[in-house]
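> Okay, structure incoming, though there's no sequence with it:
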């Protein structure tokens, strides 16, 4: 029979092997469960509370269409006429009420994204600590001086802080503060000034318009101005105006939106960005009843319908859950008229050094707002806010707010961003800036404008990048031996990774600053602006706050401090320069046929031979670097000198025999 060919089954062995296999399977399952439990445990906060992993994954946030409650067209001359007859501010009443207005609440700190999310996107972590340790030390290079500077606006003394903002067009400059809007020529001449309330009165502004932002769209040649109205009030509105031409003294289209029809939330701190399809305005939401944070909203406007003056421009309003996605979502100003995606950037976690990228995609009429799983990251910073010292202030320090994202631009394929951070050892405020790929989250570089000694504090930055990848970062500068000042740092495209040039205070503060309007904080900021001139796409302009002469002389009496805002025009540095001079004997005679050596920052060496009169020249030398210059000859020895070209050719150098 067929079965006779098989050996007899040993039931004892079968039972033994089955038990062994069952035991092994149990061990494997328990190990897997323990491993899974450990991985799950890794996603818990410091209090042991489990973190929802879904918040780090990509998610589309639905929006809904909304229509303006007030629409109007107004010429600048009509705004001026209205301003002339508007009731003048009651300063005593303002001094009492301003101190009670809710202080700008801090940006939410979110749970840090786990390593598994960060590592999913190669290059999204930039090891700043390692880079600065390995970077060769070199003398600091001076930032170029302004080619022109002048005051934008002074202190009207009925709002703190000023919320400094402005923009530059082909022929005009606009400055917008909480108090006023001013139009100037590009040489600083004042053409017209009105109150911010009067500017937006067409669409219901006037009950207390604040937090203005003004931009110039160089592709459509239009001005954009945004503000909010009626803090902590059921009549809270989001206001937007766009010019009909590139002339801000002409006609504007105005729109006013009731922020919450249910009268539960009020709108604060509008942030603005744009691309070829949309203008996005993100705001923070707070409860009217108690000023508690309630998340955020992003208004996404079809740009073409706004510019056309449509009575009901296409707009999607996207509510953003604060518990899941926090607040302060900064739309990107997109200086590339072919990019379809409008990016939005958020400071996600300070301690983990993380940002988060959001996107607006789809069609102009039907945009989709997406929280991506991209978290550009680097070395973290402190979550403990630090106030800045000032000369003569003693305990009267200047508030530096928090580390929320400030101006963000897309230029030459990269997103560039800047914000204030807090560092320890010693405690201080510094400016941090980023360059990263918004599509992948890969960080090209991250740098800091920082004084490790804690002597100088820097805050409220704004960054601009021109067509040639040169950058200017404007900010406020503070120290215990100076008054609050307007400053900037320049970065040339050829400068070393993570580096900027020396801080330059282009408008020194004039007095100690103290003004709280009955509140508890000596407020400054809340922001600033730095832009590129649209006429050449290379020249920079920055608008920064400084301390004006006080009416009391010092900081002993409250509310006597005054601020001002000051423009600086900064020309782009030459991308390459020539270094030239002569090789001389100690008696001043030219040395011919000497070997002249120029040592580059990477330690490579360029050489030339001196001419009959000792002349030498090195062409196409990158500006913004420090070079070693020396020579050798048959009968002479020469020392080495450092040369640091910043704003043009370096001529007339002498290398003298020792």
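Now that the structure is in, tell me what you want to look at. These numbers were taken from a predicted model, which means no experiment stands behind them. Numbers count the residues shown, from 1 in each chain.
> how far does the helix or strand residue 167 falls within sit from the chain's center?
Assigned by DSSP states H and E, residue 167 belongs to strand 165-168. Chain-centre distance of strand 165-168: 15 Å, with C-alpha atoms, centre = their mean, to the nearest Å.
> quick one: strands adjacent to it?
strand 172-176 (antiparallel) (DSSP bridges).
> Report the next helix or strand after the partner strand in sequence order.
Per DSSP H and E, strand 172-176 leads on to strand 180-185 as the next helix or strand towards the C-terminus.
> for residue 581, what are its contacts?
Taking C-beta atoms under 8 Å, 6 or more residues apart in numbering, we find residue 581 in contact with 615-616, 651-655. All C-beta atoms are positioned from the backbone trio N, CA, C, and that covers glycine.
> And the residues you listed, which is closest to residue 210?
residue 651 (52.0 Å; C-beta to C-beta).
> Quick one: low-confidence residue ranges for the stretch 51-200 of the chain.
For the stretch 51-200 of the chain, the stretches flagged by pLDDT under 70 are 51-53, 87-104, 135-139.
> now do the stretch 501-650 of the chain
Along the stretch 501-650 of the chain, the model assigns pLDDT under 70 to residues 647.
> related to what we said a few turns ago, got the contacts of residue 581 as a markdown table, with neighbour count and secondary structure columns?
As requested, the contacts of residue 581 are arranged in a markdown table below (neighbours: other C-beta atoms under 10 Å; DSSP: H, G, I helix; E, B strand; the rest coil):
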| residue | neighbour count | secondary structure |
| --- | --- | --- |
| 615 | 15 | strand |
| 616 | 23 | strand |
| 651 | 11 | strand |
| 652 | 8 | strand |
| 653 | 15 | strand |
| 654 | 11 | strand |
| 655 | 24 | strand |
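> Including distance to residue 502, could those go into CSV?
Listed next are the contacts of residue 581 as CSV, based on distance: C-beta to C-beta, whole Å:
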residue, distance to residue 502
615, 31
616, 28
651, 23
652, 23
653, 22
654, 26
655, 26
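> And the residue nearest to residue 187 when sequence neighbours are not counted, how far from residue 598?
Spatial nearest neighbour of residue 187, excluding adjacent residues (C-beta to C-beta, 6 or more residues apart in numbering): residue 148 at 7.1 Å. As for residue 148, its distance to residue 598 is 34 Å (criterion: C-beta to C-beta, to the nearest Å).
> Comparing the two, which residue is more hemmed in?
residue 598 (18 against 14; other C-beta atoms under 10 Å).
> Contact partners for the more buried one?
Residue 598 makes contact with 579, 605-607, 618, 621, 627-629, according to C-beta under 8 Å, 6+ apart.
> Okay, and the beta partners of it?
Per DSSP bridges, the residues bridged to residue 598 are residue 606, residue 629.
> how about the helices of the stretch 151-300 of the chain, start to end?
With DSSP state H, counting those that start in this stretch as the criterion, the stretch 151-300 of the chain has helices at 196-199.
> same deal with the chain?
11-42, 76-85, 91-98, 115-119, 128-134, 196-199, 303-307, 322-325 (DSSP state H).
> quick revisit: now render the contacts of residue 598 as CSV, adding neighbour count and distance to residue 645.
As requested, the contacts of residue 598 are exported to CSV (neighbours: other C-beta atoms under 10 Å; distance: C-beta to C-beta, whole Å):
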residue, neighbour count, distance to residue 645
579, 20, 7
605, 10, 17
606, 15, 14
607, 12, 18
618, 20, 10
621, 22, 6
627, 21, 8
628, 15, 13
629, 21, 11
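> Let me know the closest of the residues you listed to residue 553.
Proximity of those to residue 553 (C-beta to C-beta) peaks at residue 627, which lies at 48.0 Å.
> shouldn't that closest one be in contact with residue 579?
Yes. In this structure, residue 627 is within contact of residue 579 by C-beta atoms under 8 Å, at 7.2 Å.
> Now list whatever residues contact both of the two.
Going by C-beta under 8 Å, 6+ apart, residues that sit against residue 627 and also against residue 579 are 598, 621, 643.
> so what's the last one bridging to?
According to DSSP bridges, residue 627 are recorded as the beta-bridge partners of residue 643.
> how close does residue 432 sit to residue 226?
With distances taken as C-beta to C-beta, residue 432 is found 25 Å from residue 226.
> let me fix that: residue 69
16 Å.
> Look at these two and report which has more neighbours.
Comparing residue 69 with residue 226 by other C-beta under 10 Å, the one with more neighbours is residue 226, at 24 against 13.
> The more buried one: what's it in contact with?
Neighbour list for residue 226: 212-214, 238-241, 270, 272, 281 [criterion: C-beta under 8 Å, 6+ apart].
> can you rerun that using 7 Å?
Residue 226 makes contacts with 213, 239-240, 270, 272, 281, as judged by C-beta atoms under 7 Å, 6 or more residues apart in numbering.
> Kindly report the same for residue 532.
464, 466, 539-540.
> what does residue 170 give?
Counting by C-beta under 7 Å, 6+ apart, residue 170 makes contact with 246, 534-535.
> What is the nearest of the contacts of residue 598 to residue 547?
residue 627 (38.6 Å).
> so where do the strands sit in the stretch 151-300 of the chain?
165-168, 172-176, 180-185, 190-195, 209-217, 222-229, 237-243, 251-258, 265-274, 278-287, 293-302 (DSSP state E, counting those that start in this stretch).
> Rebuild these as JSON lines, extending it with distance to residue 515.
JSON lines is the format used below for those (distance: least, C-beta to C-beta, whole Å):
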{"stretch": "strand 165-168", "distance to residue 515": "19"}
{"stretch": "strand 172-176", "distance to residue 515": "20"}
{"stretch": "strand 180-185", "distance to residue 515": "17"}
{"stretch": "strand 190-195", "distance to residue 515": "19"}
{"stretch": "strand 209-217", "distance to residue 515": "16"}
{"stretch": "strand 222-229", "distance to residue 515": "22"}
{"stretch": "strand 237-243", "distance to residue 515": "26"}
{"stretch": "strand 251-258", "distance to residue 515": "30"}
{"stretch": "strand 265-274", "distance to residue 515": "20"}
{"stretch": "strand 278-287", "distance to residue 515": "24"}
{"stretch": "strand 293-302", "distance to residue 515": "26"}
